[in-house]
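Trainee: Take this sequence and fold it.
(one chain, ligands or ions: 3)
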Amino acid sequence: MNIIFLGPPGAGKGTQAQRICAALNIPQISTGDMLRRAIQEQTPTGLKAKSFMDAGGLVPDDVIIDIVKDRLQADDCKNGYILDGFPRTVPQAEALEKIAEIDRVIELDVADEALIKRISGRRVCLKCGATYHVSLLNGKTTCDNCGETLIQRDDDKAETVLNRLKSYHSKTEPLVNFYQGRGKLVKIDGAGDMDTIFDAIMKALA
Ligand code: ADP
Ligand code: ADP
Ligand code: ZN
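Mentor: Numbering: from 1, shown residues only. Ligands and ions are numbered 1, 2, ... in the order given. All right, here's what the predicted structure looks like:
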């Protein structure tokens, strides 16, 4: 099954995508993770993307569409995948329609105030993409999966978060109607606890 996770920054897309991918044995394709890796490795894509990400804006459509096109050709995508953080604009969604058949779009719905709390406490592992929240780490500073030191993303600092929420509402939220019109959207309340949300998503995909 080819699945899209749609939702504002901090909605829990990465958290749930990791769990659902493990349950369904399909890859998680996170454009944010791919861009952060590209920046770390100082690839040409990373160099192009960095200033947009630092400012809390979106990376240009042509850059991101090329990355996703490439990734979807890999062998591990044959049995399905979760797109986590792509598409984020109508032109990206239109480009995707030309290269893939999407079965279901899961929208995770969370109010802005809760998002700010989640994002400000987020800690991530740049090596494996795992996501944590300081309130649940009990002082731990390394990744449970791979042992890497956890970091706070530069764009998770307060100055940038409001810009990212603005980008979401103006550029990404129109995709809710886009996919509703195609009969593919399932809206999930993303405000509850992680296990309840996981169950609701699994049900929506059954
Ligand atoms: P979050 O998990 O908080 O929603 P991501 O890790 O998905 O954030 O993305 C981080 C940043 O990477 C975004 O703010 C944006 O600058 C860039 N980015 C990721 N995916 C896309 C995309 N599909 N289109 C444009 N920019 C993107
Ligand atoms: P996204 O990928 O949509 O930006 P993440 O999955 O990275 O969101 O989650 C953002 C932050 O919120 C992380 O610190 C994560 O641990 C936390 N989080 C995720 N889901 C929940 C939830 N259901 N309740 C409380 N906190 C959550
Ligand atoms: Zn890790």
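
Trainee: and this structure, which of its residues are near ligand 3?
Mentor: 125, 127-128, 130, 143, 145-146, 148 (CB under 5 Å from the ion). Where C-beta positions appear, they are placed from N, C-alpha and C, glycine not excepted.

Trainee: Please list only the buried members of those.
Mentor: Using 16 or more other CB atoms under 10 Å as the burial test, those include 125, 130, 143 as buried.

Trainee: For the residues you listed, give me a markdown table that also has secondary structure, pLDDT and distance to residue 119.
Mentor: Formatted as a markdown table, these follow (DSSP: H, G, I helix; E, B strand; the rest coil; pLDDT from 0 to 100; distance: CB to CB, whole Å):
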| residue | secondary structure | pLDDT | distance to residue 119 |
| --- | --- | --- | --- |
| 125 | coil | 94 | 16 |
| 130 | coil | 92 | 16 |
| 143 | coil | 97 | 19 |
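
Trainee: Those also near ligand 2: which ones?
Mentor: Residues of those in contact with ligand 2 (CB under 6 Å from any ligand atom): none.

Trainee: can you give me the strands in this structure?
Mentor: 2-6, 28-30, 81-84, 104-109, 122-124, 131-133, 185-189 (DSSP state E).

Trainee: Turn these into TSV, including mean neighbour count.
Mentor: As requested, the strands of the chain are exported to TSV (neighbours: other CB atoms under 10 Å):
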stretch	mean neighbour count
strand 2-6	25
strand 28-30	23
strand 81-84	25
strand 104-109	21
strand 122-124	20
strand 131-133	19
strand 185-189	17
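
Trainee: export those to JSON lines and tack on mean pLDDT and distance to ligand 1?
Mentor: As requested, the strands of the chain are arranged in JSON lines below (pLDDT from 0 to 100; distance: least, CB to the nearest ligand atom, whole Å):
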{"stretch": "strand 2-6", "mean pLDDT": "98", "distance to ligand 1": "10"}
{"stretch": "strand 28-30", "mean pLDDT": "97", "distance to ligand 1": "6"}
{"stretch": "strand 81-84", "mean pLDDT": "98", "distance to ligand 1": "7"}
{"stretch": "strand 104-109", "mean pLDDT": "98", "distance to ligand 1": "10"}
{"stretch": "strand 122-124", "mean pLDDT": "96", "distance to ligand 1": "8"}
{"stretch": "strand 131-133", "mean pLDDT": "96", "distance to ligand 1": "8"}
{"stretch": "strand 185-189", "mean pLDDT": "98", "distance to ligand 1": "16"}
